[in-house]
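Colleague: Fold the following and give me the result.
(chains A and B)
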Protein chains: 2
Amino acid sequence: MRARVTIMPKTGVLDPQGKAIGHALGSLGFAGVGEVRAGKVIELELSEADPAKARAVAEEMARRLLANTVIESFKVELA
Amino acid sequence: MRARVTIMPKTGVLDPQGKAIGHALGSLGFAGVGEVRAGKVIELELSEADPAKARAVAEEMARRLLANTVIESFKVELA
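Modeller: Next comes the predicted model:
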C-alpha cells in the first residue's frame, strides 16, 4: 500500500523558503502571487495491506521522524 | 485561487533523500517499508480567479522556477 505524507509549516510559523520562492516569482515577472508556503511530500511503499493500519503506521512515522510537529503539520493520504 | 504544485523526482532518478528516510525508518524499527521518495510541495495564493488560467500560470511557474524538469516531474492541483 502506498502512503503519501504531506508536511507543511504550521500557520503562523515563518516560512523563509516560501518567502524566497514568492520573491523569485516576482523577479521572473509573475504578478498576483500572494502567500507562498513550501513543504515536503514523502511517498512510502508499505507492505501493510490494511488501510487503517497503514494509515496508523504512516502517522507514527510522521510523528517520530518525518515531521517536526512543533512547527510542522502533516497529512497522510493512502493510494 | 490557491494552487498546489507537487514536485517529485522522476522515476528512475536516484533519490538519496528518500533512501536516507527509508534507512532511518528501518533504524527506528519500522518494518515493511519499501521504496521511499521525497519531494516538495509548494502552495501558492494566486490572484487569478479563472481555474484554467490559474492552472496555466502555476504550470509555467513550475517549469520556469519551481521544478527542475530534467530530473523532476510536477503536478498542479487547484483548491
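
Colleague: Up against chain B, what does chain A have?
Modeller: A:6, A:8, A:18, A:21, A:24-25, A:28, A:30-48, A:57, A:60-61, A:64-66 (CB under 8 Å from any CB of the partner chain). C-beta here means a position set from N, CA and C on the backbone, and glycine is covered the same way.

Colleague: Please list only the buried members of those.
Modeller: A:6, A:8, A:18, A:21, A:24-25, A:30, A:33, A:36-44, A:46, A:48, A:57, A:61, A:65-66 (16 or more other CB atoms under 10 Å in any protein chain shown).

Colleague: Next step: those restricted to strands.
Modeller: Using DSSP state E, the members of those that fall within strands are A:6, A:8, A:33, A:36-44, A:46.

Colleague: now, which of those residues sits nearest residue A:14?
Modeller: residue A:37 (10.7 Å; CB to CB).

Colleague: Please name the residues that touch residue A:75.
Modeller: By CB atoms under 8 Å, 6 or more residues apart in numbering or on different chains, residue A:75 lies in contact with A:5, A:6.

Colleague: and if we set it to 10 Å?
Modeller: A:4, A:5, A:6, A:7, A:8, A:39, A:41, A:59, A:62, A:67 (CB atoms under 10 Å, 6 or more residues apart in numbering or on different chains).

Colleague: give me phi/psi at it?
Modeller: With angles defined as degrees, to the nearest 10, residue A:75 sits at phi -140, psi 140.

Colleague: any idea how far it lies from chain B?
Modeller: 10 Å (CB to the nearest CB, to the nearest Å).

Colleague: mind checking how far that residue is from residue B:1?
Modeller: Residue A:75 sits 20 Å away from residue B:1, going by CB to CB, to the nearest Å.
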